[in-house]
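> Give the three-dimensional model of this entry:
(chains A and B)
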Amino acid sequence: KAGVTQTPRYLIKTRGQQVTLSCSPISGHRSVSWYQQTPGQGLQFLFEYFSETQRNKGNFPGRFSGRQFSNSRSEMNVSTLELGDSALYLCASSLGSRERPTDTQYFGPGTRLTVL
Amino acid sequence: AQTVTQSQPEMSVQEAETVTLSCTYDTSESDYYLFWYKQPPSRQMILVIRQEAYKQQNATENRFSVNFQKAAKSFSLKISDSQLGDAAMYFCAYIQGAQKLVFGQGTRLTINP
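Model prediction:
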């Protein structure tokens, strides 16, 4: 079974631009979570989607948004990029369910975003 | 808020030896999950081992085992017969209720040949 895939793997943008990152979960997984990893703040939770609905949200500004499609693929968007948005963005998928929301998460290889 | 603490920023071990990485967490919940993930230089986050809080038996996966002390809120990882491929950042993580992992700061493990 194929693992979690993320595209693109690397991105370079300038301040003020916007960016969209994509994540395809493991087949059969319906929950997709996004994390930001930086040297200073470590790993921080952005949001989680389940069945096309945002189920949980971390403490990030509204410039960070996401969505999930009917095939469980998810996209994350960052508008008006700032230098501090430079980070590794990790996506994770899990089986998840409404009855049992907590489950093991499997991660993709990440997208390295550099903001100049 | 739940927190996870890894007090060892760096550890090193000789190849074939055993090493233990420490992790403590803070929660008022009784039902939760704990994980150890490894992140090699490729930056891919790989699941090492998982422990459900309601299980008293410590989880094991081949050379990897945990010492789960629920009352002490401690969750250490033991790596036996260390191999060069074990070199990575190791993250302890907690999850409860929602699909929101809370990570520790990580421990960088070096394997000396």
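> now the strands for chain B?
Taking DSSP state E as the test, the strands found in chain B are B:3-5, B:10-14, B:19-21, B:24-26, B:33-39, B:46-52, B:60-61, B:64-69, B:74-79, B:88-95, B:102-103, B:107-112.
> Indicate which one of those strands is closest to chain A.
strand B:102-103 (4.1 Å; CB to the nearest CB). No exception for glycine: its C-beta is placed from N, CA and C like everyone else's.
> Now do the end-to-end distance for stretch B:77-97.
End-to-end distance of stretch B:77-97 (CA to CA, to the nearest Å): 23 Å.
> scratch that, stretch A:23-40
Where stretch A:23-40 begins and where it ends lie 24 Å apart, using CA to CA.
> And stretch A:76-89, by the same measure?
End-to-end distance for stretch A:76-89: 9 Å, by CA to CA.
> which residues touch it?
Outside stretch A:76-89, the residues that touch it by CB atoms under 8 Å, 6 or more residues apart in numbering or on different chains are A:6, A:13-21, A:23, A:34-38, A:46, A:63-67, A:91, A:110-116, B:43.
> how about it: buried residues?
A:M76, A:V78, A:L81, A:D85, A:S86, A:A87, A:L88, A:Y89 (16 or more other CB atoms under 10 Å in any protein chain shown).
> Tabulate the strands of chain B in CSV, adding columns for mean neighbour count.
Shown next, in CSV, are the strands of chain B (neighbours: other CB atoms under 10 Å in any protein chain shown):
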stretch, mean neighbour count
strand B:3-5, 15
strand B:10-14, 13
strand B:19-21, 19
strand B:24-26, 16
strand B:33-39, 23
strand B:46-52, 17
strand B:60-61, 12
strand B:64-69, 18
strand B:74-79, 20
strand B:88-95, 23
strand B:102-103, 20
strand B:107-112, 17
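> Distance to A:T53 added to the ones you listed, as CSV?
As requested, the strands of chain B are exported to CSV (distance: least, CB to CB, whole Å):
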stretch, distance to A:T53
strand B:3-5, 27
strand B:10-14, 41
strand B:19-21, 37
strand B:24-26, 29
strand B:33-39, 22
strand B:46-52, 25
strand B:60-61, 33
strand B:64-69, 33
strand B:74-79, 32
strand B:88-95, 19
strand B:102-103, 22
strand B:107-112, 36
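> Same list (the ones you listed) but as a markdown table, adding distance to A:N59 and mean pLDDT.
Below are the strands of chain B laid out as a markdown table (distance: least, CB to CB, whole Å; pLDDT from 0 to 100):
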| stretch | distance to A:N59 | mean pLDDT |
| --- | --- | --- |
| strand B:3-5 | 14 | 95 |
| strand B:10-14 | 29 | 97 |
| strand B:19-21 | 28 | 98 |
| strand B:24-26 | 18 | 96 |
| strand B:33-39 | 21 | 96 |
| strand B:46-52 | 25 | 95 |
| strand B:60-61 | 33 | 96 |
| strand B:64-69 | 29 | 97 |
| strand B:74-79 | 24 | 98 |
| strand B:88-95 | 17 | 96 |
| strand B:102-103 | 12 | 95 |
| strand B:107-112 | 25 | 98 |
